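> Curious how this folds, go ahead:
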Amino acid sequence: MPVLRAITRRRNPALAAAMLVVYAVALVGCDGAPSSTAKATTIDVTMHDFGIRVSRRTVPAGTVVLHATNRGPSTHELNVDLSRYTAANLPLQTDSITADESANGLHRVDSIEQLNLHHTGDLTVQLRPGRYVLWCNLEGHYLGGMHETFDVR
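Model (predicted):
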């Protein structure tokens, strides 16, 4: 507060008081909390014996929290992609057992790389309007049915 000290040394108490008020108001505005009052939308995602179930198929654009639970029978991953494809029609790699993650028309938003059996994990993403797919691409899991589509409007 060197500016305030310099002002008070010049004996201008009114200006010093005004500066102190401005300084206090500025500090209140810097509390570290987000300035947006927008609330995140949560989708519960249940991963189970080669399937993915979502609690909502349509959500508003903005912040979305994917609350994923792995009910087994093994470790899974959760990929989130903006897609021109439905989840059941992603292009396959040449191995014919995994989806092609670099396919045209499939754009990765984010992922949970590993979700262990009986664990949960949250993934917070910013989503614009479009079709999104959730899927596990561990060997054979995608073809086994571990995929789901939802829309953002």
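
> Tell me the spacing between the most centrally placed residue in the chain and residue 67.
Nearest residue to the geometric centre of the chain (CA atoms, centre = their mean): residue 125, 1.7 Å. Going from residue 125 to residue 67 by CB to CB, to the nearest Å gives 12 Å. For the C-beta atoms, the positions are set from N, CA and C on the backbone; glycine is no exception.

> pretty sure the residue nearest to the centre of the chain is touching residue 108, no?
No - using CB atoms under 8 Å, residue 125 makes no contact with residue 108, being 10.6 Å away.

> quick one: average pLDDT of stretch 97-117?
Mean per-residue pLDDT for stretch 97-117: 95.

> distance between the ends of it?
22 Å (CA to CA, to the nearest Å).

> related to what we said a few turns ago, I'd like the distance between the residue nearest to the centre of the chain and residue 140.
26 Å.

> tell me which element residue 85 falls in.
Assigned by DSSP states H and E, residue 85 belongs to no helix or strand.

> tell me the contacts of it?
Applying CB atoms under 8 Å, 6 or more residues apart in numbering, we find residue 85 in contact with 91, 103, 105-106, 133.

> Over to residue 107?
Residue 107 neighbours (CB under 8 Å, 6+ apart): 81-83.

> can you redo those as a markdown table with pLDDT?
What follows is the contacts of residue 107, written out as a markdown table (pLDDT from 0 to 100):
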| residue | pLDDT |
| --- | --- |
| 81 | 98 |
| 82 | 98 |
| 83 | 97 |
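
> So the closest residue to residue 39 other than its chain neighbours versus residue 115, what's the distance?
The shortest distance from residue 39 to any non-neighbouring residue, by CB to CB, 6 or more residues apart in numbering, is to residue 63 (7.9 Å). According to CB to CB, residue 63 stands 21 Å off from residue 115.

> and these two? which has more neighbours close in?
residue 115 (20 against 17; other CB atoms under 10 Å).

> Not counting residues beside it along the chain, what's closest to that one?
Counting by CB to CB, 6+ apart, residue 70 is the residue found nearest to residue 115 once chain neighbours are left out, at 4.5 Å.

> And the one you found, how far from residue 46?
Distance of residue 70 to residue 46, computed by CB to CB: 8 Å.

> hey, what's the residue nearest to the centre of the chain bridged with?
residue 64 (DSSP bridges).

> Great, nothing more from me.
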